[in-house]
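Asker: pasting the structure only:
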């Protein structure tokens, strides 16, 4: 094989690796981490000589692994459960978020911040009655939360509800 043929073969192989990488990354960006992991693993085993690409592949393989099997952090304190609840809420895992927030609240039953966040999650979850119940309790403990509720984007869908208006009315 001539030097020119070797160079052409190397270029073709690199283009194949890039094509496979782009396909795997499409899956990654869609949140299809198992599919992305499979594609990235194939690249790692099929094109080991493409060092720069393999470095990126390995980085994304680690991210896929973390997304598929998130590390378990031991939750002990009320603040641990609260922060975990916020994290789960931001991930759209509303039922799990409420469970974690309930554990935080069980450790400090009169915490207005926990109740306010539970109202927020309940609203996002679409449970209006539960949302308003938590919000009423939170505002009862800390009237300033009425101001926050009026400005909270997550309460946009209930802003005109008479019960919301009653809870957030400033006296």
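Answerer: On my side now, so go ahead. In this text, all values refer to a predicted model and were calculated from it rather than measured experimentally. Numbers count the residues shown, from 1 in each chain.
Asker: Please, which helix or strand holds residue 54?
Answerer: Element membership for residue 54 (DSSP states H and E) is helix 51-68.
Asker: what mean pLDDT does that helix have?
Answerer: In this model, helix 51-68 carries a mean pLDDT of 92.
Asker: Surely residue 148 and residue 116 touch.
Answerer: Yes. Contact between residue 148 and residue 116 holds when scored by C-beta atoms under 8 Å: they sit 7.0 Å apart. The way it works is simple: take the backbone N, C-alpha and C, and place the C-beta from them, glycine included.
Asker: Residue 33: what's it in contact with?
Answerer: By C-beta atoms under 8 Å, 6 or more residues apart in numbering, the residues touching residue 33 are 27, 64, 67, 68.
Asker: Please give me every residue in contact with the first one.
Answerer: By C-beta under 8 Å, 6+ apart, the contact set of residue 27 is 33, 35, 36, 39.
Asker: Just those residues: which are in strands?
Answerer: Among those, no member is found in strands (DSSP state E).
Asker: Of those residues, just say which sits nearest to residue 12.
Answerer: residue 39 (19.1 Å; C-beta to C-beta).
Asker: Please convert the contacts of residue 33 to a markdown table, extending it with distance to residue 167.
Answerer: Listed next are the contacts of residue 33 as a markdown table, based on distance: C-beta to C-beta, whole Å:
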| residue | distance to residue 167 |
| --- | --- |
| 27 | 45 |
| 64 | 44 |
| 67 | 38 |
| 68 | 41 |
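Asker: Just among these, which is most surrounded?
Answerer: residue 64 (23 neighbours; other C-beta atoms under 10 Å).
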